[in-house]
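Asker: Quick one, structure for this:
(one chain, ligands or ions: 2)
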Amino acid sequence: MLISTASLAAPFPPLFPAIAAASSARGSLTDSPAIESRNVSYSITNRRGKFLPILKNCSISVPHGQLWMLLGPNGCGKSTLLKVLAGLLNPTEGKVHVNGSCSFVFQNPDHQVVMPTVEADVAFGLGKYDLSQDEVRSRVSNALKSVGMADYSQRPIQTLSGGQKQRVAIAGALAESCKVLLLDELTTFLDEYDQMGVVNAVKNCVAGPGDVAALWVTHRLEELKYANGAIYMEEGRIMIHGDASSVAKFLKDKQSEYIKHFNF
Ligand SMILES: Nc1ncnc2c1ncn2[C@@H]1O[C@H](COP(=O)(O)OP(=O)(O)OP(=O)(O)O)[C@@H](O)[C@H]1O
Ligand SMILES: [Mg+2]
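Answerer: Ligands and ions are numbered 1, 2, ... in the order given. From the prediction side, this is the model:
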């Protein structure tokens, strides 16, 4: 099952002009980014009345038609930022703009596929729209093609691998014409083969005609090579935001400093 949200707010003037320019050079649908947060903070007050800041002044921008990775240590706020972007949590301060409808896909594939067969599951979310049967069939078939699951349309869901279930969940979002995919650690439980299936499915979606943007939370540094851009967080703050190779270099330098510091 997918959580879909509509467009949240009016777009802002460009936050990262170089990225906006690169995006429009690729022929994107609009000049404004697909996903944007401006100075977003999110805090909670715990049961003992203690104020806990979780996100601190987070500004990010992801262009249409691109796959971006969101990285950082456990507990740094990645899932919270994704939930704020999806509209599942309201920021305490700052603004969020998601250009087009968006879907949030969770880590555990068993929590998001609900129907008995692949085809029925992808069609499930279309029930809320007034669509003809032909339109439903065509959307389901195109979405399954995009994630490389066209041959599995009649398969019972319980016979699929974890990665295949993730791809069915992504197909559900595409069938609903989602423009933004927010993906939280999809590949954590997957073996290398399934991991590649999901990575390729998402790459295929962002490279397709829909100009879909994807923000992908991961711990796997090797997945950075499939990304257009990346964001690295620590303790609720954005530490670096840019093209994937600059972020990869930043993280490698950070790792070697750590190794030097502890004399490993
Ligand atoms: N409802 C809540 N109550 C108390 N603390 C919370 C709540 N939600 C999140 N937190 C805390 O906020 C911090 C960020 O959590 P979040 O789940 O966003 O981290 P994450 O980067 O996704 O971590 P992981 O890599 O382990 O998934 C953590 O310290 C977490 O314990
Ligand atoms: Mg998380």
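Asker: where does the stretch 101-250 of the chain dip in pLDDT?
Answerer: Across the stretch 101-250 of the chain, nothing is flagged by pLDDT under 70.
Asker: hmm, 80 instead?
Answerer: For the stretch 101-250 of the chain, residues meeting the criterion pLDDT under 80 lie at 107-114, 188-189.
Asker: what are the ranges of the strands in it?
Answerer: 102-105, 180-184, 213-217, 229-234, 237-243 (DSSP state E, counting those that start in this stretch).
Asker: Quick check: can you name the pairing partners of the third one and their directions?
Answerer: Same thing as strand 213-217. strand 67-71 (parallel), strand 180-184 (parallel) (DSSP bridges).
Asker: does any bit of the next helix or strand after the first one sit next to ligand 1?
Answerer: Right, the one you point to is strand 67-71. Counting by DSSP states H and E, the next helix or strand C-terminal to strand 67-71 is helix 78-86. Yes. Using CB under 6 Å from any ligand atom, helix 78-86 reaches ligand 1 at K78, S79, T80. Just so you know, the C-beta spots here come from the backbone N, C-alpha and C atoms, and that holds for glycine as well.
Asker: tell me the SS of the nearest residue to N39 once chain neighbours are set aside?
Answerer: With sequence-adjacent residues excluded and distances taken as CB to CB, 6 or more residues apart in numbering, N39 is closest to G94, at 4.1 Å. Assigned by DSSP: H, G, I helix; E, B strand; the rest coil, the conformation of G94 is strand.
Asker: Over to D253?
Answerer: Under three-state DSSP, D253 falls in the helix class.
Asker: can you give me phi and psi for P33?
Answerer: Per-residue torsions, P33: phi -60, psi 160 (degrees, to the nearest 10).
Asker: Isn't it up against N99?
Answerer: Yes. Contact between P33 and N99 holds when scored by CB atoms under 8 Å: they sit 6.8 Å apart.
Asker: so what's the backbone phi/psi at K56?
Answerer: Here is the backbone geometry of K56 (degrees, to the nearest 10): phi -130, psi 100.
Asker: ok, so what distance separates G172 from L251?
Answerer: Applying CB to CB, to the nearest Å, the value for G172 to L251 is 32 Å.
Asker: So which of these two has more stuff around it?
Answerer: G172 (29 against 17; other CB atoms under 10 Å).
Asker: That one contacts A120, doesn't it?
Answerer: No. Using CB under 8 Å, G172 makes no contact with A120, being 10.7 Å away.
Asker: quick one: secondary structure of V40?
Answerer: Of the three states, V40 takes strand under three-state DSSP.
Asker: what's around it, how many residues?
Answerer: Neighbours of V40 using other CB under 10 Å come to 23.
Asker: circling back to that earlier point, okay, now the residue nearest to N39: neighbour count?
Answerer: 16.
Asker: Quick check: bridge partners of the residue lying closest to L181 once chain neighbours are set aside?
Answerer: Once flanking residues are discounted, L181 sits nearest to A214: 4.2 Å by CB to CB, 6+ apart. Assessed by DSSP bridges, A214 has beta-bridge partners L67, L181.
Asker: hang on, the earlier thing: in a markdown table: the strands paired with strand 213-217, plus mean neighbour count and distance to F104.
Answerer: Converted to a markdown table, the strands paired with strand 213-217 look like this (neighbours: other CB atoms under 10 Å; distance: least, CB to CB, whole Å):
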| stretch | mean neighbour count | distance to F104 |
| --- | --- | --- |
| strand 67-71 | 26 | 13 |
| strand 180-184 | 25 | 5 |
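Asker: just to revisit the earlier point, CSV for the strands of the stretch 101-250 of the chain, including distance to I60?
Answerer: Below are the strands of the stretch 101-250 of the chain laid out as CSV (distance: least, CB to CB, whole Å):
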stretch, distance to I60
strand 102-105, 14
strand 180-184, 12
strand 213-217, 8
strand 229-234, 6
strand 237-243, 6
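Asker: Make TSV from these and add distance to ligand 1 to it.
Answerer: Below are the strands of the stretch 101-250 of the chain laid out as TSV (distance: least, CB to the nearest ligand atom, whole Å):
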stretch	distance to ligand 1
strand 102-105	13
strand 180-184	7
strand 213-217	7
strand 229-234	7
strand 237-243	12
